[in-house]
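In: Output the structure for:
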Amino acid sequence: MYLVRSWARHVERKTALAEIANGLRYKTSDEDRQGSAARLLENMAVYSRPETPHELAAAKVYRIPGAGPEAQKAVERLRIEFEVLERVSSPHIMRLLDKDLGSRYVVAEYYPGKLAEQSARFTGRAVETLHAFRGVVEAVAQLHSEGVVHRDIKPANIFVADDGRLGHVALFHFPENVAPPAWNP
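Out: All right, here's what the predicted structure looks like:
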């Protein structure tokens, strides 16, 4: 998986960089220098600030070698995954942002934490834990109502939102059975 910037953040950085280049390129009078320096610092801050999780997306490239029956089967499963993600809309299933079956990549919402990495947050908090997992249950119920069985629900496939609240759990609907693990970096 790779992290990619949102288009809005990309444009913001590109614009700031152009303003920085313009500010360094042109000579200004003594009275304009203070304002130019302030604009330069402001654009440097915009360009160099860290991205927030909302400005990032998760990109994944599926490596499916060959062109034989196994590769065709894996590509077909990937096509079905894309179709399901386009069709099903839920606050508890990661949104599909971009995809290309020919290039075998997908870009989805980014969630910085996985349940597998944050299980200690739930220890000894039974009521809050049950409340948090309501979103997972709702996502699975919605998938089932659409005729889809996830087949790979596990802590590594449940993502927790960056705000830290237990009630914001998202289910990433890309089970490992899309392709054998060797094809799934």
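In: tell me, what residue is most central in the chain?
Out: Among the residues of the chain, the one closest to the centroid is Tyr110, at 2.3 Å (C-alpha atoms, centre = their mean).
In: Tell me who's in contact with it.
Out: Residues near Tyr110 by C-beta atoms under 8 Å, 6 or more residues apart in numbering: Leu3, Pro53, Leu56, Ala57, Ala58. C-betas here are computed from N, CA, C, even on glycine.
In: Now, of those residues, which are buried?
Out: Using 16 or more other C-beta atoms under 10 Å as the burial test, the contacts of Tyr110 include Leu56, Ala57, Ala58 as buried.
In: just checking, which of the residues you listed belong to strands?
Out: Leu56, Ala57, Ala58 (DSSP state E).
In: Could you let me know which of those residues ends up closest to Glu81?
Out: Ala58 (14.2 Å; C-beta to C-beta).
In: wait, that closest one sits on Glu109?
Out: Yes - with contact defined as C-beta atoms under 8 Å, Ala58 counts as touching Glu109 (7.1 Å).
In: Overlap of the contact sets of these two?
Out: Common neighbours of Ala58 and Glu109 (C-beta under 8 Å, 6+ apart) are Met94.
In: Off-centre distance for the helix or strand hosting Val4?
Out: Secondary structure from DSSP states H and E places Val4 in strand 2-5. Distance of strand 2-5 from the chain centroid (C-alpha atoms, centre = their mean, to the nearest Å) equals 7 Å.
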